[in-house]
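Participant: predicted model and sequence follow; I will ask about them next.
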Amino acid sequence: MTTYLLALESSCDETAASVISFEQEGPPTLRSSLVASQVEIHARYGGVVPEIASRAHLEVALPLIQDALLEAGLQRKDLSAIAVTRGPGLIGALLVGLQIAKSIAFAWKLPLIGVNHLAGHLEAVFLEASYPSFPFLALLVSGGHTTIYRVDGHEQYKHLGSTRDDAAGEAFDKAAKMLGLGYPGGVYIDRLAQQGDARRFSFPRAMLKQGLDFSFSGLKTACRTELASLEQPLDDQTLADFCASYQEAIVDVLWQKVERALEQEGLDQLVLTGGVAANSRLRAFFQQRCDETQRKLFLPSKRFCTDNAAMIAAAAVTPFRQGRFESLDLNATGKLPLDPNALPRGPRRRKKN
Ligand code: KG4
Ligand code: ZN
């Protein structure tokens with residue numbers, strides 16, 4: 001029997017709704033995936049304003065859900081469950097999505113599934129025609145996370161290392177802000193870097209000799225110092241070279257840590273996921289290195305790397321199959337580790353998930 005599941009995502013600045021279908025076994029099939037981005041609203045502030053994000057989610061969530069059903073060619077009576085992101089993320093933004101999902105669950109008599117947003121990023125790869133077998137290694141790189149996981153099965157995520165300060169996405173966004181580029185910065189740096197020479201400026205690669213953790217805060221400082229030494233405004237080529245060199249430092253560190261993790265775990269399958277995994281240089285560099293070292297790289301398409309609800313739906317398949325549903329007093333949680341055994345190390349400033 002085919003199961004249809006609706007999912008809602010509202011943990012940061014994208015409101016997203018999706019419908020998937022699945023059978024008793026096997027990967028899900030995408031029926032619809034809609035994302036209402038708030039990027040234009042937040043761009044004028046140079047970053048996400050939590051209160052504005054919450055209000056914007058409230059305005060668009062219901063019409064978006066209707067459109068997701070329409071696009072899937074379904075009616076509410078066809079649905080078997082509703083899934084929603086319960087954390088981590090901006091608490092106000094999460095609460096809006098959660099309350100809407102709970103109301104729908106109550107009104108439409110659907111079981112409710114609460115999903116960890118990070119599990120969504122890790123399960124996104126199963127929406128693709130080509131996906132890995134277990135076990136595999138995953139690098140989750142987003143606006144608030146830079147974490148390496150060993151994945152032994154659905155919902156079996158072992159934390160191997162993560163950033164001690166800024167996430168890779170933050171490193172992109174903060175540098176872009178210093179350079180006077182738009183928000184979110186990663187996209188602008190990615191685009192400009194394509195015309196640049198990555199060897200022109202040298203940026204630090206932190207903690208290369210230490211385990212599987214990352215640190216990107218020094219890179220941000222180096223960016224500020226280097227920028228201050230240059231004549232302003234930067235000419236087009238200097239700006240492109242600067243972006244390319246900065247981006248290369250991030251990509252280089254990510255690869256070196258991932259390669260160490262692959263060796264340590266004896267794995268040869270790698271999944272790259274999260275918003276920063278949309279970066280074209282990161283994708284090309286990882287592909288090249290994996291080809292050279294006979295490893296298999298699985299890259300979810302860009303629309304499943306950045307925040308979306310299809311990944312939340314995909315992560316809800318296992319709890320649905322196991323009959324694990326939430327009561328209507330489920331609460332949202334701003335900080336929600338994926339691997340409960342992972343102890344937070346060092347200062348963390350997670351503004352986004
Ligand atoms: O996963 P995501 O959409 O939201 C979070 O869960 O954080 O990731 C957003 C992050 C932002 O920091 C953004 O700058 C970055 O992903 N990003 C990129 C690119 N597209 C999005 N970073 C580098 N290159 C890109 N093309
Ligand atoms: Zn995300």
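Facilitator: Sure thing, it's come through. Numbers count the residues shown, from 1 in each chain. Ligands and ions are numbered 1, 2, ... in the order given.

Participant: any stretches of the stretch 101-250 of the chain with poor pLDDT?
Facilitator: Applying pLDDT under 70 to the stretch 101-250 of the chain flags no residue at all.

Participant: where does it come near ligand 1, residue by residue?
Facilitator: Residues of the stretch 101-250 of the chain found near ligand 1 (C-beta under 6 Å from any ligand atom) are 142-144, 169, 172-173, 184-187, 190. C-betas here are computed from N, CA, C, even on glycine.

Participant: narrow those to those in helices?
Facilitator: 169, 172-173, 185-187, 190 (DSSP state H).

Participant: from those residues, which is closest to ligand 2?
Facilitator: Nearest to ligand 2 among those is residue 169, at 8.8 Å by C-beta to the ion.

Participant: quick one: that closest one and residue 163 touch, right?
Facilitator: No. In this structure residue 169 lies outside contact range of residue 163 using C-beta atoms under 8 Å: 10.1 Å.

Participant: name the residues contacting each of those two.
Facilitator: Residues touching both residue 169 and residue 163 (C-beta atoms under 8 Å, 6 or more residues apart in numbering): residue 146.

Participant: go ahead and produce PDB holding the CA coordinates of stretch 168-185.
Facilitator: Taking Å, rounded to 0.1, in the frame of the first residue of the first chain, the C-alpha atoms of stretch 168-185 are listed here in PDB:
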ATOM      1  CA  ALA A 168      31.500  26.800   7.300                       C
ATOM      2  CA  GLY A 169      28.300  28.600   6.200                       C
ATOM      3  CA  GLU A 170      28.900  31.300   8.700                       C
ATOM      4  CA  ALA A 171      32.500  31.700   7.500                       C
ATOM      5  CA  PHE A 172      31.100  32.300   4.000                       C
ATOM      6  CA  ASP A 173      28.300  34.600   5.200                       C
ATOM      7  CA  LYS A 174      30.600  36.700   7.400                       C
ATOM      8  CA  ALA A 175      33.300  37.200   4.700                       C
ATOM      9  CA  ALA A 176      30.600  38.100   2.200                       C
ATOM     10  CA  LYS A 177      29.400  40.800   4.600                       C
ATOM     11  CA  MET A 178      32.900  42.200   5.100                       C
ATOM     12  CA  LEU A 179      33.200  42.300   1.300                       C
ATOM     13  CA  GLY A 180      29.900  44.200   1.000                       C
ATOM     14  CA  LEU A 181      28.300  41.300  -0.900                       C
ATOM     15  CA  GLY A 182      24.700  40.200  -0.500                       C
ATOM     16  CA  TYR A 183      23.100  37.600   1.800                       C
ATOM     17  CA  PRO A 184      23.400  34.600   2.000                       C
ATOM     18  CA  GLY A 185      27.000  35.200   1.300                       C
END
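
Participant: quick one, helices of the stretch 151-300 of the chain?
Facilitator: With DSSP state H, counting those that start in this stretch, the ranges of helices along the stretch 151-300 of the chain come out as 168-178, 185-193, 217-228, 236-265, 280-292.

Participant: could I get those helices as JSON lines with mean neighbour count and distance to residue 120?
Facilitator: Supplementary listing: those in JSON lines, determined by neighbours: other C-beta atoms under 10 Å; distance: least, C-beta to C-beta, whole Å:
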{"stretch": "helix 168-178", "mean neighbour count": "24", "distance to residue 120": "16"}
{"stretch": "helix 185-193", "mean neighbour count": "22", "distance to residue 120": "19"}
{"stretch": "helix 217-228", "mean neighbour count": "15", "distance to residue 120": "27"}
{"stretch": "helix 236-265", "mean neighbour count": "20", "distance to residue 120": "20"}
{"stretch": "helix 280-292", "mean neighbour count": "16", "distance to residue 120": "20"}
